[in-house]
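Visitor: Quick one, what's the 3D model for this:
(one chain, ligands or ions: 2)
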Amino acid sequence: MSTYKLNYTDSFVNGDANGLRSNPESGFSDLSSLAQSEKAVQELLIQQTPMQATDDHLIEFSEALRTVAKALRGSAEGKALAQAEAAEWKRRYELERSKNLELLHKVPLNGVHAEESHSHGMDHSAKSPRLRVQENGKLGRHSMERICSHEVLQDGEYNSCNGGNNKLKRKASFKLSWGCKGQANDQHKKEIVSFERGNITTADRSSKQISLTWESNPQNVLIFTKPNSTSVRVLSVEMVSNIIFLFCFHFRWLREHKGLDIYVEPRVKAELLSESSYFDFLQTWEDDKEISLLHPKVDLVITLGGDGTVLWAASMFKGPVPPIVPFSMGSLGFMTPFHSEQYRECLEAVLRGPISITLRHRLQCHIIRDKARHDYETEENMLVLNEVTIDRGISSYLTNLECYCDNSFVTCVQGDGLILSTTSGSTAYSLAAGGSMVHPQVPGILFTPICPHSLSFRPLILPDHVTVRVQVPFNSRSSAWVSFDGKGRKQLEAGDALVCSMAPWPVSTACQVESTNDFLRSIHDGLHWNLRKTQNSDGPRD
Ligand SMILES: NC(=O)c1ccc[n+]([C@@H]2O[C@H](COP(=O)([O-])OP(=O)(O)OC[C@H]3O[C@@H](n4cnc5c(N)ncnc54)[C@H](O)[C@@H]3O)[C@@H](O)[C@H]2O)c1
Ligand SMILES: Nc1ncnc2c1ncn2[C@@H]1O[C@H](COP(=O)(O)OP(=O)(O)OP(=O)(O)O)[C@@H](O)[C@H]1O
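Guide: Ligands and ions are numbered 1, 2, ... in the order given. Below you'll find the predicted structure:
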C-alpha cells in the first residue's frame with residue numbers, strides 16, 4: 001500500500017509568508033536572499049531606464065516589485081528580531097531555572113532545610129524536588145502518561161495579602177496523568193493520529209480519565225462559601241479548625257499552623273472572628289484586585305455551597321485555576337459531588353491522592369463595540385464555566401442575532417436569544433432551552449437557541465477549536481443583553497459583537513468516584529433523568 005501524508009492547518013499560521021519558508025531556522029539567510037532580489041530589481045530598473053520613459057506599465061510593475069521586496073525584507077527582519085528575542089528569553093529562562101533549582105536546595109522550608117526536614121522523619125510522600133525530578137524520568141515509562149506537571153513553583157513575589165509577611169511563598173507541585181479506557185496503557189501513543197503505511201489510526205481519545213497526584217505538599221488552601229446560609233457558616237467554623245488538624249496529621253512537619261495558610265473571603269473572616277478571636281490567623285484580602293494575585297499562592301480551593309459557589313470560585317481566577325474540591329450544600333449538585341457531612345474523609349482522600357478529576361473547559365468571551373472598532377484596547381475578557389447568554393433582556397421584541405463560526409455564516413437567531421455553553425454547562429440553562437446533555441470532558445461548544453421562532457432550529461454542538469461571533473445587526477429593532485454564567489449583564493447595541501472561543505485555562509474539580517460515574521450520578525440524582533416505572537413482565541410477548 002502506498003504511504004501518504006495528511007496535513008492539518010492552524011488558523012494562526014496561515015499568515016506565514018511562503019517565500020520565507022526556505023530556511024525556517026534562520027531569518028538571517030532569508031534577509032540576504034531578499035537583499036539580493038531587491039538589488040536585482042534595482043539593476044533591472046537601471047538597465048531598463050530608456051524604456052521606462054515610454055512605458056508607464058513597466059514603471060508601475062517595477063514599483064510594485066520594489067514594494068514587495070521591501071515588505072518581504074521587513075518581514076524577514078521582524079522574524080530575525082523575534083528569533084533573537086526568543087533566544088534571549090530562553091537564555092534568561094534557563095538561568096532563572098538553574099537559580100531556582102539551586103534555591104530549592106538552599107531555601108529553608110518553613111524554617112527547616114529541605115534536606116533536614118526530609119531526614120527528620122517527615123512524611124515520606126513529601127520528597128525533595130530534586131528527588132522528584134529523578135522520579136519523573138522514571139514516570140515516562142510508567143503505564144499512566146503524564147500530561148502536565150509543575151515542579152514546585154516559586155512566584156518570586158512577596159505575600160501582599162494580610163499585611164504582607166515577607167516570606168517567599170511556595171506552591172505545591174502535582175502531576176496530572178491520564179489513560180484511555182480499553183487500551184493497554186503501555187501501547188499508548190502520544191500523537192493524535194498516526195499515518196504509518198497509509199493507515200489512519202487514532203491513538204488519543206478526547207475522553208480521558210485524569211488523575212491528580214501531589215508531588216509536594218499543598219500548604220495554601222482557599223475556601224469559598226455560599227453567603228447568607230447558616231448551615232454553611234456552621235460548617236465553615238468546624239472545617240477551618242479541622243483542616244489544620246488534617247494537614248498537620250498528614251504532613252507532620254506542618255506543625256501548628258506553621259507553613260499552612262488558609263485564605264477566606266473578607267466576609268467569612270469577619271463572620272468567623274465574630275465567633276472567636278482564634279480565627280485571627282486566617283488570611284484574607286481587602287481589595288478584589290488582590291484575588292488575582294492568589295493563583296500563584298493557592299494550592300487547593302474548597303467550596304461550600306451549590307453549583308453557583310463553584311461558578312463563583314472559578315470566576316475569581318482570570319487565568320489558571322487551582323484544583324477545586326466542591327462540597328455540596330445546595331439542592332442541586334452537578335459540580336459538587338462531595339457530601340459536606342463526609343468532608344473529613346474526602347479531604348483526607350484528596351490530600352493522600354491520587355484523585356480523579358474532571359477537567360472542565362471554560363469559554364473566553366469579549367465584546368467588540370462598533371463604536372470602538374478601531375480602538376486598540378477592547379473590553380476585558382470574561383471567562384465562563386457554564387455559558388454566555390445573549391438574550392432580549394427586558395425588551396419585548398425578538399432578538400435578531402447574526403452568528404458566525406470561524407467567519408462562516410451559521411445562522412440568524414430570531415427568538416429570545418442564544419446560549420453558547422461549555423459541556424459542563426450543558427446541564428444548566430442550555431438543558432432548559434432544549435440542548436443536549438454532554439459529558440463535561442467532551443470538548444465542544446454548545447450552540448443552543450432560546451425559544452427560536454422557527455420550526456426547524458435544532459441545537460448544535462461545535463468543535464472546541466472554533467471561534468464563534470454573535471453580532472447584533474445594524475437593522476436590529478432592539479439591543480441585546482449578554483450575561484456570563486448568569487451574571488454581569490452587558491448591553492449589546494446594533495453593530496456590537498460578542499466573540500467567544502475555548503479558553504486555555506480549564507477548571508479541575510475533584511471527583512467523588514471518577515468523571516463519568518459522577519456525571520451519570522448527577523443527572524440521575526439531580527434531574528431524575530429518564531425515570532420511569534419498570535414495565536411488568538406479565539404481558540404480551542413476541
Ligand atoms: N432556565 C434556566 O434553567 C436558567 C435560567 C437562568 C440561569 N440558569 C443557570 O444558572 C446558572 C447560574 O447559577 P447560580 O447558582 O449562580 O444561579 P441560581 O442561584 O439562580 O441557580 C441556578 C440553578 O442552576 C443550577 N446549575 C448551575 N450550574 C449548573 C450546571 N453546570 N449543571 C446543572 N445545574 C446547574 C444551580 O445548581 C441552580 O440550581 C447559569 O450559569 C445558568 O446556567 C438557568
Ligand atoms: N462566595 C460567594 N460570594 C458571593 N456570591 C456567591 C458566593 N458563592 C455563591 N454565590 C452566589 O450565591 C448564589 C447561590 O449559590 P449556590 O448556587 O452555590 O447555592 P444554592 O442556590 O443553594 O445552590 P442550589 O441552586 O444547588 O440549591 C449564586 O448565585 C452564587 O453566584
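
Visitor: and the stretch 401-542 of the chain, which of its residues are near ligand 2?
Guide: Taking CB under 6 Å from any ligand atom, no part of the stretch 401-542 of the chain reaches ligand 2. Glycine gets a C-beta too; all of them are placed from N, C-alpha and C.

Visitor: tell me which parts of the stretch 151-300 of the chain are close to ligand 2?
Guide: Phe224, Thr225, Lys226, Pro227, Glu265.

Visitor: buried stuff in stretch 523-533?
Guide: Ile523 (16 or more other CB atoms under 10 Å).

Visitor: Do me a favour and average the pLDDT over that stretch.
Guide: Average pLDDT, stretch 523-533: 94.

Visitor: Show me what from the stretch 351-500 of the chain comes close to ligand 1.
Guide: Asn386, Glu387, Ser424, Gly425, Thr427, Ala428, Tyr429, Ala432, Asp485, Gly486.

Visitor: Now go through the residues you listed and say which are in strands.
Guide: Glu387 (DSSP state E).

Visitor: CSV please, covering the residues of the stretch 351-500 of the chain next to ligand 1 and showing pLDDT.
Guide: Listed next are those as CSV, based on pLDDT from 0 to 100:
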residue, pLDDT
Asn386, 98
Glu387, 98
Ser424, 98
Gly425, 98
Thr427, 97
Ala428, 98
Tyr429, 98
Ala432, 98
Asp485, 98
Gly486, 97
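
Visitor: Just the buried ones from the residues of the stretch 351-500 of the chain next to ligand 1, in ChimeraX syntax?
Guide: Command for ChimeraX, covering only those of those found buried under the criterion 16+ other CB under 10 Å:
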select :386,387,424,425,427,428,429,485
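
Visitor: Relative to Thr534, which of the residues of the stretch 351-500 of the chain next to ligand 1 is nearest.
Guide: Thr427 (24.9 Å; CB to CB).

Visitor: OK, contacts around that closest one?
Guide: Phe334, Met437, Ser522, Ile523, Gly526, Leu527 (CB atoms under 8 Å, 6 or more residues apart in numbering).

Visitor: separation between the first one and Ser231?
Guide: As judged by CB to CB, to the nearest Å, Phe334 and Ser231 stand 20 Å apart.

Visitor: So which helix or strand of the protein has the lowest pLDDT on average?
Guide: helix 129-139 (a mean of 28; mean pLDDT, DSSP states H and E).

Visitor: can I get the CA coordinates of the longest strand seen in the chain in CSV?
Guide: Among the segments of the chain that qualify as a strand by DSSP E, the longest is strand 408-421. Only the C-alpha atoms of strand 408-421 are listed here, as CSV (Å, rounded to 0.1, in the frame of the first residue of the first chain):
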residue,chain,number,x,y,z
SER,A,408,-18.5,31.3,8.1
PHE,A,409,-22.1,32.4,8.5
VAL,A,410,-24.0,29.9,10.8
THR,A,411,-27.5,31.4,11.1
CYS,A,412,-29.6,34.3,12.2
VAL,A,413,-31.2,33.7,15.6
GLN,A,414,-34.7,35.2,15.8
GLY,A,415,-36.2,34.4,19.2
ASP,A,416,-35.5,35.1,22.8
GLY,A,417,-31.7,34.6,22.4
LEU,A,418,-28.8,32.2,22.2
ILE,A,419,-26.8,30.3,24.7
LEU,A,420,-23.1,29.4,24.0
SER,A,421,-22.4,26.8,26.6
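
Visitor: which helices and strands sit right next to that strand?
Guide: strand 387-391, strand 399-405, helix 429-432, strand 445-452, strand 468-471 (3 or more CB pairs under 8 Å, 6 or more residues apart in numbering; DSSP states H and E).

Visitor: what pairs with it, and is each one parallel or antiparallel?
Guide: strand 387-391 (antiparallel), strand 399-405 (antiparallel), strand 445-452 (antiparallel) (DSSP bridges).

Visitor: any residues touching the shortest one, and which ones?
Guide: Contacts made with strand 387-391 from outside it, assessed by CB under 8 Å, 6+ apart, are listed as 363, 365, 382, 399, 401, 416-422, 425, 428-430, 446, 450, 470, 480-486, 492, 498, 500.

Visitor: Next, the buried residues of stretch 387-399.
Guide: So stretch 387-399, judged by 16+ other CB under 10 Å, has buried residues Glu387, Val388, Thr389, Ile390, Asp391, Arg392, Gly393, Leu398, Thr399.

Visitor: Can you get me the start-to-end distance on that stretch?
Guide: 18 Å (CA to CA, to the nearest Å).

Visitor: any idea how far Gly330 is from ligand 2?
Guide: Distance of Gly330 to ligand 2, computed by CB to the nearest ligand atom, to the nearest Å: 2 Å.

Visitor: and that residue, what does it touch?
Guide: Lys226, Gly305, Gly306, Asp307, Gly308, Thr309, Thr336.

Visitor: Got the confidence number for the nearest residue to the third one once chain neighbours are set aside?
Guide: Meaning Gly306. Excluding the flanking residues, the one nearest Gly306 by CB to CB, 6 or more residues apart in numbering is Gly330, at 2.2 Å. On pLDDT, Gly330 comes in at 74.

Visitor: so Gly330, which of the three states?
Guide: coil (DSSP: H, G, I helix; E, B strand; the rest coil).

Visitor: One more: Glu341?
Guide: helix.

Visitor: Any chance of the contacts of Gly330 in a markdown table with secondary structure and distance to Ser62 as columns?
Guide: Formatted as a markdown table, those follow (DSSP: H, G, I helix; E, B strand; the rest coil; distance: CB to CB, whole Å):
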| residue | secondary structure | distance to Ser62 |
| --- | --- | --- |
| Lys226 | coil | 72 |
| Gly305 | strand | 71 |
| Gly306 | coil | 71 |
| Asp307 | helix | 67 |
| Gly308 | helix | 67 |
| Thr309 | helix | 68 |
| Thr336 | coil | 70 |
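
Visitor: Please list which of those residues also come close to ligand 1.
Guide: Gly306, Asp307, Gly308.

Visitor: which of those residues lies closest to Arg532?
Guide: Asp307 (26.0 Å).

Visitor: which one is the closest one nearest to, not counting chain neighbours?
Guide: Using CB to CB, 6+ apart, the closest residue to Asp307 is Met335 (5.0 Å).

Visitor: Gly308 is in contact with the one you found, correct?
Guide: No: using CB atoms under 8 Å, Met335 makes no contact with Gly308, being 9.6 Å away.

Visitor: the more surrounded of those two?
Guide: Using other CB atoms under 10 Å as the criterion, Met335 and Gly308 rank with Met335 on top: 29 against 18.

Visitor: Shouldn't the more buried one be within a strand?
Guide: No: Met335 sits outside any strand when classified using three-state DSSP, being coil.

Visitor: pLDDT score assigned to Leu453?
Guide: Quick fix: residue 453 is His, not Leu. 97.

Visitor: Leu347 now?
Guide: 90.

Visitor: Can I get the strand or helix carrying it as PDB, trimmed to CA atoms?
Guide: Using DSSP states H and E, Leu347 maps to helix 343-352. Presented in PDB, the C-alpha positions along helix 343-352 are these (Å, rounded to 0.1, in the frame of the first residue of the first chain):
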ATOM      1  CA  TYR A 343     -15.700  16.300  54.500                       C
ATOM      2  CA  ARG A 344     -13.000  14.800  56.700                       C
ATOM      3  CA  GLU A 345     -12.800  11.600  54.700                       C
ATOM      4  CA  CYS A 346     -13.000  13.500  51.500                       C
ATOM      5  CA  LEU A 347     -10.200  15.900  52.300                       C
ATOM      6  CA  GLU A 348      -8.100  13.100  53.600                       C
ATOM      7  CA  ALA A 349      -8.500  11.200  50.300                       C
ATOM      8  CA  VAL A 350      -7.700  14.400  48.400                       C
ATOM      9  CA  LEU A 351      -4.500  15.100  50.400                       C
ATOM     10  CA  ARG A 352      -3.500  11.500  50.200                       C
END
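
Visitor: Partner strands of the next helix or strand after it and their direction?
Guide: Downstream of helix 343-352, the next assigned helix or strand under DSSP H and E is strand 355-360. Strand 355-360 has the following strand partners under DSSP bridges: strand 209-214 (antiparallel), strand 507-510 (antiparallel).

Visitor: any idea how far Ile302 is from ligand 2?
Guide: 11 Å.
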